[in-house]
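In: Quick one: sequence plus predicted model below, questions after.
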Amino acid sequence: MMTPTPAQTPDLQEKIAQQLVTTVGVAPQDATLTDMMQAVSQVARQQLSQRWVSTQAQQHSDKTRRVVYLSMEFLMGRTLSNALGALKLRGPAADGLQHYAQKLEDVYEREADAALGNGGLGRLAACFLDSMASLGLPSFGYGIRYEYGMFAQDIQNGAQIEHPDPWLEDGTPWEFPRPHITYPVYFGGWVEHVDGKPLWRHAGEVAAKAYDMVVPGHGTEKVSTLRLWKATAPAHIDLNAFNTGDYARAASAKNEYENISWVLYPNDSTPAGRELRLKQEYFFVAASILDLVQRHLSEHPSLLNLADKVAIHLNDTHPAIGVAELMRVLCDVHGMPWDTAWAICQKTFSYTNHTLMPEALETWPVGLIQHVLPRHLEIIFRINKEFLDEAAAHRPGDNQYLARLSLIDETGERRVRMAHLSIVGSHKVNGVSALHSDLLVQTIFADFASLWPQRFTNMTNGVTPRRWLEQANPQLSSLLDNTLGTGWRANLDELQKLREHAQDSAFQKSFMDVKRANKVRLAKLIERSTGVVVNPDSLFDVQVKRIHEYKRQLLNVLHVVTRYQAILANPQGPNGQGWVPRTVIFAGKAASSYHTAKSIIRLIHDVGLVINNDSRVADLLKLVFIPNYGVSVAEVIMPGADLSEQISTAGTEASGTGNMKLALNGALTIGTDDGANIEIRQNVGDDNIFIFGLKTPEVQALRQQGYHPMRYYEEVPGLKPVLDAIAGGQFSPSEPGRYRALVDSLLWGGDHYLLLADYAAYVAAQHKVDVLYREPSQWCAKAISNVAGMGVFSSDRTIREYAQQIWHIEPQK
Ligand code: 26Q
């Protein structure tokens, strides 16, 4: 049994010097911050390597049951600080660097983010890896080693410009190439049936090469592995090209193979139905399944006990083709009878759904699958036939019912429904918050849920307290250490004990000092990235997330303009008490092809330009947009927020996880009755959160009875002048019509996300926020109560639930 031993520390300075000379190739006195980052990373990497080798060796000799987490996205962010934290080397590394007159924080900054994901789903996968490692769960994450991650967002004249993200350009200290772990992945061609046996005559092949990243556990010497696949030309193909001496052709052929893992699709929520995306999905799933099958066969004589030894989890439907691929491997390659293979498949797979929005549900044209994966299409058809035969026994003759259940959508161009394939192929299906899981069962998956009620369950999301509290907020962490002890890192429920301190004025003072320092840090980031100087004593009102109509950043802007107009109309403030100074902070990326989202970004900038330069408003209101939101930017924003905006139309945000990070760092939530906001309210208490607006059944009822946004425009006090100002060009004088279409989409386009219906309740809730903020001690007590209630939102709790209820995996001793 391994016990955590403090890593050797006294000679860290020397180890850094050694790495500078031997690995980085510079003299210590000449080392730049980037050189230092590389050297310190090498020191950490070596120690993690040792933990890795022993974790793997033990799992191999125990033939332990493992979980395989398949995800197209892992939004890892930076690694160095997390690695040092797990090794308990932050202090020694900081001391070591002092000898070179360099600060560890500045060294961290030289590392590029590994931004291999879009948003919530990708960051959730990264938090899950941290928790799996920290709980000592035998686990593998599998994904794609994108050469280019999430695009970098630049703002020019208020508009979003996308730049590529060449995060690997200067190499990364954190990957371990495994040149010997390479598998062929085949595409295209046709299927012949010879003596009743299918033979896939594929037309194309690429090689999948493994690159591993070590995932350190905290408070344990256990580690986990993230294995990412890079697409390359198969060795034999390369050879042929070189033999002909045609180097130019060889180079261009190389690109054709490598394009599969070239770039992350930057679409959040709306699937891009492109052939390359389908190839990406199959590419990484096929390689991962070959890898886990070969690992299984190195430990066991046959695949018959596969389901006892591995749990495969599908992070949304993006890896759903894995269901057909495992059937192909078991039946076609290993000669297993169909029924035996199908039973193994269903016992092995489980699936998480992350969205209810119909346009976000992944489907692929039958013709495209036929073209790229002809054998898989046959397998999908057989799965479908056997499934529909079984379903027909429940409701004989009900063809509409069968059409709704079918894996194939026959309305219009025939398409494969990847969610249906995932449900049928899995033994458990879960949503990501209580509300979302209930809605899945009541709406989009209702037919499946009545067929198989036991299959559907909830796993409320969580976030890792190591990155989102210990690492992002060192000052709050040390206050917690001094008040509660250090156990909260591994057992976040210990935060409950903070409740006793919520009213304690000495503790309040320390808590407010921490918040104030974090706001100063955030204010510096704002000035550096936007040029706008903001007042750290103003209320920091934060909405950070992907830009999407359902998340209603535009509703937030409507409130800002409302406040702007009210300040001008009444400088003395409501009741003559003056205005509570506010800084409204946005950040987030828009999918490059999402016009409306981009227009909202531009509107935020245009409104900000007017308000921030209006001397009548002075310090009472500022509006900023922090560019290039990502994990590292979030680590600065979360600790500096006072107010967390979670204002999606009820029933649309599956869970949210930013809401958890913000509350954990002492922000109060203003939000709708949606996703995990509901559970946050239950855990922090009704009095410590601002919930407003229509609830999900009310949204459904309003839409049903006929929603008329124009009525709200005419009747709700204050709304008309706000919309008129935006639509009339007050914030875009050089192009007065710039936001006409945006406003028309509300007034004439049906206001699909019901902004106008919730506007009055939102403005009223914002007024309550002001009233409370005038009472710093009351505000602070509620902020403390928020932190105290967040224990349940640790991803450790989430992963324990998955491990016990879905994967049946025990922590390794
Ligand atoms: C699919 C096909 C082709 C191209 C792109 C995609 C694609 C990519 C990313 C579809 C969806 C996504 C991302 C979805 C996502 O992040 N959903 C969020 O998941 C979080 C974690 O569960 C929840 O907290 C959020 O509520 C949910 O919006």
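Out: On my side now, so go ahead.
In: Tell me who's in contact with Gly718.
Out: For Gly718, the contacting residues are 562, 565-566, 763, by CB atoms under 8 Å, 6 or more residues apart in numbering. For the C-beta atoms, the positions are set from N, CA and C on the backbone; glycine is no exception.
In: got a winner among those residues for most neighbours?
Out: Val763 (21 neighbours; other CB atoms under 10 Å).
In: looking at this, that one is in a helix?
Out: Yes: Val763: assigned to a helix according to DSSP: H, G, I helix; E, B strand; the rest coil.
In: Pretty sure it sits against Val560.
Out: No: if you go by CB atoms under 8 Å, Val763 and Val560 don't touch, sitting 10.8 Å apart.
In: just the helices in the stretch 501-650 of the chain please.
Out: Counting by DSSP state H, counting those that start in this stretch, the stretch 501-650 of the chain has helices at residues 505-530, 553-569, 595-612, 631-637.
In: For Lys88, which of the ones you listed is the nearest?
Out: helix 631-637 (19.8 Å; CB to CB).
In: What helices and strands are in contact with that closest one?
Out: Applying 3 or more CB pairs under 8 Å, 6 or more residues apart in numbering; DSSP states H and E, we find helix 631-637 packed against strand 74-77, helix 505-530, strand 539-544, strand 582-587.
In: tell me the mean pLDDT over stretch 721-730?
Out: Across stretch 721-730, the average pLDDT comes to 98.
In: Can you show me the CA trace of that stretch as PDB?
Out: Provided in PDB are the C-alpha atoms of stretch 721-730 (Å, rounded to 0.1, in the frame of the first residue of the first chain):
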ATOM      1  CA  PRO A 721     -37.000  52.900 -24.100                       C
ATOM      2  CA  VAL A 722     -34.300  50.300 -23.600                       C
ATOM      3  CA  LEU A 723     -35.200  48.400 -26.800                       C
ATOM      4  CA  ASP A 724     -35.800  51.600 -28.700                       C
ATOM      5  CA  ALA A 725     -32.400  52.900 -27.700                       C
ATOM      6  CA  ILE A 726     -30.600  49.700 -28.900                       C
ATOM      7  CA  ALA A 727     -32.700  49.400 -32.100                       C
ATOM      8  CA  GLY A 728     -32.500  53.100 -32.900                       C
ATOM      9  CA  GLY A 729     -28.700  53.200 -32.900                       C
ATOM     10  CA  GLN A 730     -28.000  55.100 -29.700                       C
END
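In: Run a quick check on Ala803 versus Arg66, I expect a contact.
Out: No: between Ala803 and Arg66 there is no contact under CB under 8 Å: 11.2 Å.
In: shared neighbours of the two, anything?
Out: Ile809.
In: next SSE after the helix or strand that contains Val771?
Out: Taking DSSP states H and E as the definition, one finds Val771 inside helix 755-773. Sequence order places helix 776-788 as the next helix or strand after helix 755-773, per DSSP H and E.
In: do the helix or strand following that next one and the ligand meet?
Out: Once the chain leaves helix 776-788, the next helix or strand it forms, by DSSP H and E, is helix 795-801. No: shown here: helix 795-801 not in contact with the ligand (CB under 6 Å from any ligand atom), separated by at least 10.1 Å.
In: next one: phi and psi at the residue of the chain positioned farthest from its centre?
Out: The outermost residue of the chain relative to its centre, with distances by CA atoms, centre = their mean, is Asp195 at 47.4 Å. Phi and psi for Asp195, reported as degrees, to the nearest 10, are phi 50, psi 40.
In: Which pLDDT does the model give it?
Out: pLDDT for Asp195: 93.
In: Return the residues in contact with it.
Out: For Asp195, no residue meets the contact criterion (CB under 8 Å, 6+ apart).
In: contacting residues around Glu73?
Out: Applying CB under 8 Å, 6+ apart, the residues near Glu73 are 116-118, 121-122, 125, 143, 264, 315, 318.
In: Using a markdown table, please lay out those residues together with pLDDT.
Out: Listed next are the contacts of Glu73 as a markdown table, based on pLDDT from 0 to 100:
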| residue | pLDDT |
| --- | --- |
| Leu116 | 98 |
| Gly117 | 98 |
| Asn118 | 97 |
| Leu121 | 98 |
| Gly122 | 98 |
| Ala125 | 99 |
| Gly143 | 98 |
| Leu264 | 96 |
| Asn315 | 98 |
| His318 | 97 |
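In: Could you find which two of those residues are furthest from each other?
Out: So, the contacts of Glu73 by CB to CB: farthest apart are Leu264 and Asn315, at 14.3 Å.
In: since we're on Glu714, how many residues are nearby?
Out: Glu714 has 10 neighbours, counted by other CB under 10 Å.
In: Assess the claim that it and Asp724 are in contact.
Out: No: assessed by CB under 8 Å, Glu714 is found out of contact with Asp724, at 11.9 Å.
In: List, one by one, the residues from the stretch 51-200 of the chain near the ligand.
Out: Within the stretch 51-200 of the chain, the positions near the ligand by CB under 6 Å from any ligand atom are 118-121, 124.
In: So which of the residues you listed sit within helices?
Out: 120-121, 124 (DSSP state H).
In: roughly how far apart are His296 and Val333?
Out: Per CB to CB, to the nearest Å, His296 is found 13 Å from Val333.
In: Could you check which of these two has the larger neighbour count?
Out: Between His296 and Val333, His296 has the larger neighbour count (other CB under 10 Å), namely 18 against 12.
In: contacting residues around that one?
Out: His296 neighbours (CB under 8 Å, 6+ apart): 303, 306, 309-310.
In: of those residues, closest to the ligand?
Out: Val310 (23.2 Å; CB to the nearest ligand atom).
In: and the closest one, backbone torsions?
Out: phi -150, psi 140.
In: what's the pLDDT at it?
Out: 98.
In: Which residue ranges of the stretch 151-300 of the chain form strands?
Out: 152-156, 159-163, 175-187, 190-194, 197-201, 204-216, 223-232 (DSSP state E, counting those that start in this stretch).
In: export those to a markdown table and tack on mean neighbour count?
Out: Below are the strands of the stretch 151-300 of the chain laid out as a markdown table (neighbours: other CB atoms under 10 Å):
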| stretch | mean neighbour count |
| --- | --- |
| strand 152-156 | 16 |
| strand 159-163 | 16 |
| strand 175-187 | 15 |
| strand 190-194 | 11 |
| strand 197-201 | 14 |
| strand 204-216 | 22 |
| strand 223-232 | 24 |
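In: which ones are touching the nearest residue to Asp770 once chain neighbours are set aside?
Out: In this structure, Asp770 finds its nearest non-sequential neighbour in Val580, 4.3 Å apart by CB to CB, 6 or more residues apart in numbering. Residues in contact with Val580 (CB under 8 Å, 6+ apart) are 538-539, 770, 773-774.
In: Who is His163 paired with across the strands?
Out: Ala152 (DSSP bridges).
In: Could you tell me the single residue of the stretch 701-813 of the chain that sits nearest to the ligand?
Out: For the stretch 701-813 of the chain, CB to the nearest ligand atom, closest residue to the ligand: Thr798, 10.1 Å.
In: Could I get the pLDDT score of the nearest residue to that residue once chain neighbours are set aside?
Out: Nearest residue to Thr798, sequence neighbours excluded (CB to CB, 6+ apart): Gly462, at 3.9 Å. Gly462 carries a pLDDT score of 98 in this model.
In: Same check on Pro271?
Out: Looking at Pro271, the pLDDT reads 67.
In: cool, and Thr5?
Out: 44.
In: Give me the neighbour count for the residue nearest to Leu554 when sequence neighbours are not counted.
Out: Excluding its sequence neighbours, the residue lying closest to Leu554 (CB to CB, 6+ apart) is Ile600, at 5.5 Å. Neighbourhood size, Ile600 [other CB under 10 Å]: 25.
In: Can you pull out the low-pLDDT segments for the protein?
Out: Along the chain, the parts satisfying pLDDT under 70 run over 1-10, 238-245, 269-273.
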